[in-house]
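Undergrad: got a predicted model here, sequence first, then my questions.
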Protein chains: 2
Amino acid sequence: MTQKADHQILENQLCFPLYAASRLVTRLYQPLLEQYKLTYTQYIVLMILWQNDGLSVKQIGKKALLNSNTLTPLLKRMQQAQLLERIKNESDERQIDIKLTAKGWQLKQGLACIPQQLISQTDYDTEKAKQLKTLLEQLITQLK
Amino acid sequence: MTQKADHQILENQLCFPLYAASRLVTRLYQPLLEQYKLTYTQYIVLMILWQNDGLSVKQIGKKALLNSNTLTPLLKRMQQAQLLERIKNESDERQIDIKLTAKGWQLKQGLACIPQQLISQTDYDTEKAKQLKTLLEQLITQLK
DNA sequence: TTGAATTATATCGTGCGCGATTTAAGTGTC
DNA sequence: GACACTTAAATCGCGCACGATATAATTCAA
């Protein structure tokens, strides 16, 4: 088999497993997040803020790999749900800083059980999960 | 730091790398697909049909892990673009069979170069890609 | 210091994804 | 044969994703 043909097959097959696995994992999270009326992307943003509250939209976007066209409406919905506040930065009025409310912080406790629940629910091998995570991160670094 | 505290951090979860990598790969495909006015999901469906023309909506959904609520509008758009025909099955009139048009088949040639272009563009290690693919497929099998 | 370039966020339009429901066709049971 | 049950698509509503563009604040350069 030529190198060329090999590449073609391999690469064609990598794109779909990524796409499918990502959606399947999202579906796994959904019933757990639903109890808190959260979407998957909102959960991602919450995790970013728990670790680093007060970030600007831009800074959140850099971590989540999302732009304002996705984040602005999402953050407004989260503000409506009283999970966070959107505060105009004093020294640079273009910037909106996002600060979690008490309710936003409380969710951290409620959602703490999610990772373990998912692990026990799927019993996916921990070693494989680690490998997969490493490979994905390398891919991300290369593409980012 | 406790093991428990670790779990909830974005960087330590598998969910985010999967989500991010999937979107980054989609973005990589997009400029190439755009020339043919295709979306990423339409490309997935095309690949399925190239391999197995004449499938029903249900059968395509089984392969793509998508339901009619996603597929019906998507297939209608592809029909509009004259890439395929939607034909009511004679022996079971609930079923819609999807058949590629000449134009749909022609795209197979045009898009053949995509995998190579992506590889040369990213030079992602072939061995790692293979490993990643295997791990993803195992995960998918478990979650499907 | 003033006008051009840059930057941060917002807005708009389109196409997914997907839960929930509807419609219509086929199947099974009595 | 009638009626419940199942199945395949379609429809609806909502929330992302994201390219393109707009708006407003800041910075830079002549």
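TA: Arrived safely, thanks for sending.
Undergrad: please see if the host helix or strand of residue A:98 touches DNA strand D.
TA: Element membership for residue A:98 (DSSP states H and E) is strand A:96-100. No: applying C-beta under 7 Å from any atom of the strand, one finds strand A:96-100 separated from DNA strand D by no less than 11.0 Å. C-beta here means a position set from N, CA and C on the backbone, and glycine is covered the same way.
Undergrad: buried set for that strand?
TA: Residues A:96, A:97, A:98, A:100 are the ones in strand A:96-100 that count as buried (16 or more other C-beta atoms under 10 Å in any protein chain shown).
Undergrad: so what touches that strand?
TA: A:46, A:49-50, A:53-57, A:60, A:75, A:83-89 (C-beta atoms under 8 Å, 6 or more residues apart in numbering or on different chains).
Undergrad: can you rerun that using 7 Å?
TA: Residues outside strand A:96-100 that contact it (C-beta atoms under 7 Å, 6 or more residues apart in numbering or on different chains) are A:49, A:53-57, A:60, A:75, A:83-89.
Undergrad: what's the answer for stretch A:105-122, then?
TA: With C-beta under 7 Å, 6+ apart as the test, stretch A:105-122 has contacts from A:28, A:32, A:36, A:46, A:50, A:83, B:7, B:8, B:13, B:142, B:143.
Undergrad: what is the most widely separated pair among the buried residues of strand A:96-100?
TA: Distance extremes for the buried residues of strand A:96-100: the farthest pair is A:96 and A:100 at 14.1 Å, using C-beta to C-beta.
Undergrad: which stretches of chain A have low pLDDT?
TA: For chain A, applying pLDDT under 70 flags the ranges A:1-12.
Undergrad: where's the spatially most central residue of it, which helix or strand?
TA: In chain A, the centroid-proximal residue (C-alpha atoms, centre = their mean) is residue A:44; its distance is 3.2 Å. If you go by DSSP H and E, residue A:44 is part of helix A:40-51.
Undergrad: do that helix and DNA strand C meet?
TA: No: against DNA strand C, helix A:40-51 shows no contacts by C-beta under 7 Å from any atom of the strand, the least distance being 9.2 Å.
Undergrad: elements contacting that helix?
TA: Helix A:40-51 sits against helix A:3-34, helix A:57-64, helix A:68-80, helix A:102-110, with contacts defined as 3 or more C-beta pairs under 7 Å, 6 or more residues apart in numbering or on different chains; DSSP states H and E.
Undergrad: residues of the second one that come out buried?
TA: Same thing as helix A:57-64. A:57, A:60, A:61, A:63, A:64.
Undergrad: residues touching the third one, list them.
TA: In this case it means residue A:61. A:67, A:68, A:71.
Undergrad: what residues does chain A put near DNA strand C?
TA: So far as C-beta under 7 Å from any atom of the strand goes, chain A lies against DNA strand C at A:23, A:26-27, A:30, A:56-59, A:61, A:67-69, A:71-73, A:75, A:86, A:89, A:92, A:94-97.
Undergrad: among the residues you listed, name the buried ones.
TA: Listed as buried from the residues of chain A next to DNA strand C are A:23, A:26, A:56, A:57, A:61, A:71, A:75, A:96, A:97; burial here means 16+ other C-beta under 10 Å.
Undergrad: could you export the buried residues of strand A:96-100 to TSV, including columns for distance to residue B:115?
TA: Shown next, in TSV, are the buried residues of strand A:96-100 (distance: C-beta to C-beta, whole Å):
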residue	distance to residue B:115
A:96	41
A:97	43
A:98	40
A:100	43
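Undergrad: and residue A:60, what is it in contact with?
TA: Contacts of residue A:60 by C-beta under 7 Å, 6+ apart are A:45, A:48, A:71, A:98.
Undergrad: give me the domain ranges for chain A.
TA: Chain A breaks down into these domains under automatic domain parsing: A:1-35, A:40-104, A:113-144.
Undergrad: between the two ends of the longest one, how far is it?
TA: What it means is domain A:40-104. 15 Å (C-alpha to C-alpha, to the nearest Å).
Undergrad: just want the angle from the strand holding residue A:98 to helix A:68-80.
TA: Orientation of strand A:96-100 against helix A:68-80 (axes from the mean of the first three to the mean of the last three C-alpha atoms, to 10 degrees) gives an angle of 40 degrees.
Undergrad: just give me how far strand A:96-100 sits from the chain centre.
TA: 17 Å (C-alpha atoms, centre = their mean, to the nearest Å).
Undergrad: angle of it against helix A:102-110?
TA: Comparing the axes of strand A:96-100 and helix A:102-110 via the same axes, to 10 degrees yields an angle of 50 degrees.
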